[in-house]
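Chemist: Sequence and predicted structure are below.
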Amino acid sequence: MHSLTVTWVGYVSLICFCMAYTLVIFEEQIHMRKSKPVILIGCFMWGLIGIYEAQHGGGHAHDHVKELIAEIGELFFFLLVAMTYISTLDERNVFKALRAWLLKKGLGFRKLFWATGLITFFLSPLADNLTSALLMATVALSVSGGNGKFIVPAFVNIIVAANAGGAWSPFGDITTLMVWTAGKVQTMEFSYLVLPSIVNWLIPASIMYFFVPDEQPEGGDEDVEMKIGAKVVIFLGIFTIATAVSFHQFLHLPPFMGMMFGLGLLMVEGFYLKRWGELKHLKKLGFNEERRKRPRFDIFARVAGVEFDTLLFFFGVLSAVGALQYIGYLALVSETMYGQLGPTFSNVLVGILSAIVDNIPVMFAVLKMDPAMGLDQWLLITLTAGVGGSLLSIGSAAGVAVMGVERENYNFMSHLKWAPVIALGYIGSIFCWYLVTPH
């Protein structure tokens, strides 16, 4: 296939892509959701390719788009299920109960700093980094009593922990999910990244700890009861992840089929809750005949509560990056970087780049370039693309989500002040990767 890099299509597409991305970066300032420009431009770029090929006697764009939609569809359905589970757990008061439990422990700010970081680090591999960071930032904010000196280091710590925790599990981040479904790193091989991830989180956390005020927040005495069926939903969530792994590992089927199977189970559980499950609970509260007027559990309300802006953003970004690949720009970059600089240096650079540009398109681009690399290098890029995003608040999905939790104290600039400390963790984790992976 001849390259379209030096045709009008190539130049126009590149300009459009940069314009759309600029709008994404300034999402907070212009109040335009990030999915809007990328969907428009992603489809527009393919339109231009179609026009060019129609003028010059056909091409392979149609086949390429078919392959692309298979990749996008896998990710889309996988994330849809994960987000629906999180939305359901939230509605069943699971996260509120966790917050109340932490408040009741009467921990000081310094202990809360470690507690929220530690929970995030171990929750992230299961519930993905975005969800874990969002959840724990909400918890940290609710126990902070508005103390900015605690909020900023606690939030930065949570973001670093979420990204580091997400790097050693196929479910921890969208990028690890991509590497896993592409078959570059197998399920058990992610365990090589456990130690580098711990180093990546502990170095900045240990330094920031000394800047956390040594004070007590006001204790909470609220009692939060999880709603009926909450424990069943937790069990189903864990079972769904196990099913997705089994489908991939033993049956050689796409993992999203296992996730959708889990969604089916959740829907049946939702039906049970709606019809009979809440009956006992309502009788206990003293509602007998009037229960029809009470709002009931509705699984489709949970699906509707999913962050569709994020899901549609993936569609737009992957379409646009797919178009750049088809035009031939990714092969050009791949030759320059991986051909001349060598894989280790390139992969470290990709990590730093993923702090500026979202790590999802960066990782997708590398997978599309498909440079010839061994397992050790695929592990390195999985690590750097995952944790490099912690350097800036806009560098990862976790950071972007946390920026929305509390805008007064925590913002782009307050995160930037801690960047040198985070960079030490980044360097430490790469050094650790070198020691633990088989070369």
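Modeler: Thanks, I have it. Numbering: from 1, shown residues only.
Chemist: what residue ranges in this protein score low on pLDDT?
Modeler: 1-2, 28, 218-221, 278-295, 358, 404, 407 (pLDDT under 70).
Chemist: Surely residue 137 touches residue 402?
Modeler: Yes. Using C-beta atoms under 8 Å, residue 137 is in contact with residue 402, at 4.5 Å. In short, each C-beta sits where N, CA and C put it, glycine included.
Chemist: Report the set of residues contacting both of the two.
Modeler: 155, 158 (C-beta atoms under 8 Å, 6 or more residues apart in numbering).
Chemist: Which residue, other than its chain neighbours, is closest to residue 381?
Modeler: Closest residue to residue 381 apart from its sequence neighbours, by C-beta to C-beta, 6 or more residues apart in numbering: residue 347 at 4.3 Å.
Chemist: Please report how far that neighbour lies from residue 321.
Modeler: 18 Å (C-beta to C-beta, to the nearest Å).
Chemist: neighbour-wise, which of those two wins?
Modeler: residue 347 (28 against 25; other C-beta atoms under 10 Å).
Chemist: Report the contact partners of the more buried one.
Modeler: Residue 347 neighbours (C-beta under 8 Å, 6+ apart): 377, 380-381, 384.
Chemist: Apply 6 Å and report the result again.
Modeler: 380-381, 384 (C-beta atoms under 6 Å, 6 or more residues apart in numbering).
Chemist: Need the buried ones from those residues selected in ChimeraX.
Modeler: The ChimeraX selection below is limited to those of the contacts of residue 347 classed as buried (16 or more other C-beta atoms under 10 Å):
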select :380,381,384
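Chemist: which among the contacts of residue 347 gets closest to residue 117?
Modeler: Here the nearest of those to residue 117, counting by C-beta to C-beta, is residue 384; it sits at 20.9 Å.
Chemist: Could you look up the next helix or strand downstream of the helix or strand where the closest one lies?
Modeler: Per DSSP states H and E, residue 384 falls inside helix 375-387. Per DSSP H and E, the first helix or strand lying C-terminal to helix 375-387 is helix 397-403.
Chemist: Can you list the residue ranges for helices in the stretch 251-400 of the chain?
Modeler: Secondary structure of the stretch 251-400 of the chain (DSSP state H, counting those that start in this stretch): helices located at 255-272, 278-285, 299-304, 308-327, 329-334, 343-356, 359-369, 375-387, 397-403.
Chemist: Using CSV, please lay out those helices together with distance to residue 163.
Modeler: Shown next, in CSV, are the helices of the stretch 251-400 of the chain (distance: least, C-beta to C-beta, whole Å):
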stretch, distance to residue 163
helix 255-272, 21
helix 278-285, 38
helix 299-304, 26
helix 308-327, 16
helix 329-334, 24
helix 343-356, 10
helix 359-369, 9
helix 375-387, 5
helix 397-403, 6
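Chemist: Looking at these, which is nearest to residue 216?
Modeler: The nearest among the helices of the stretch 251-400 of the chain, by C-beta to C-beta, is helix 397-403 at 24.0 Å.
Chemist: The residue nearest to residue 261 when sequence neighbours are not counted: what's it in contact with?
Modeler: Sequence neighbours aside, residue 243 is the residue nearest to residue 261 in space, at 5.6 Å (criterion: C-beta to C-beta, 6+ apart). With contact taken as C-beta under 6 Å, 6+ apart, residue 243 is in contact with 258, 261-262.
Chemist: cool, residue 274 as well?
Modeler: 296-297.
Chemist: Now do stretch 159-170: everything it contacts.
Modeler: 117, 120-121, 124-125, 129, 132-133, 172-173, 176-177, 180, 190, 193-194, 197, 200-201, 204, 383, 386-387, 389-390, 396, 398-399, 402.
Chemist: With stretch 364-371 instead?
Modeler: By C-beta under 6 Å, 6+ apart, stretch 364-371 touches 182, 318, 321, 325, 330, 334, 338.
Chemist: Grab the nearest non-local neighbour of the second one.
Modeler: In this structure, residue 318 finds its nearest non-sequential neighbour in residue 72, 5.0 Å apart by C-beta to C-beta, 6+ apart.
Chemist: element containing that neighbour, please.
Modeler: Assigned by DSSP H and E, residue 72 falls in helix 61-91.
Chemist: helices or strands up against the following helix or strand past that helix?
Modeler: Downstream of helix 61-91, the next assigned helix or strand under DSSP H and E is helix 94-104. Helices and strands touching helix 94-104, by 3 or more C-beta pairs under 6 Å, 6 or more residues apart in numbering; DSSP states H and E, are helix 129-144.
Chemist: Counting by contacts, list what the helix it packs on packs against.
Modeler: helix 94-104, helix 109-127, helix 148-167, helix 397-403.
Chemist: Can I get it as PDB, trimmed to CA atoms?
Modeler: This file holds the C-alpha atoms of helix 129-144, laid out as PDB (Å, rounded to 0.1, in the frame of the first residue of the first chain):
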ATOM      1  CA  ASN A 129      -7.400   3.200  37.800                       C
ATOM      2  CA  LEU A 130     -10.000   5.700  36.900                       C
ATOM      3  CA  THR A 131     -12.700   4.300  39.100                       C
ATOM      4  CA  SER A 132     -10.400   3.700  42.100                       C
ATOM      5  CA  ALA A 133      -8.900   7.200  41.900                       C
ATOM      6  CA  LEU A 134     -12.300   8.800  41.600                       C
ATOM      7  CA  LEU A 135     -13.700   6.800  44.500                       C
ATOM      8  CA  MET A 136     -10.800   7.300  46.900                       C
ATOM      9  CA  ALA A 137     -10.500  11.000  46.100                       C
ATOM     10  CA  THR A 138     -14.100  11.400  47.100                       C
ATOM     11  CA  VAL A 139     -13.400   9.500  50.300                       C
ATOM     12  CA  ALA A 140     -10.200  11.600  51.000                       C
ATOM     13  CA  LEU A 141     -12.200  14.800  50.300                       C
ATOM     14  CA  SER A 142     -15.000  13.800  52.700                       C
ATOM     15  CA  VAL A 143     -12.600  13.200  55.500                       C
ATOM     16  CA  SER A 144     -10.400  16.300  54.800                       C
END
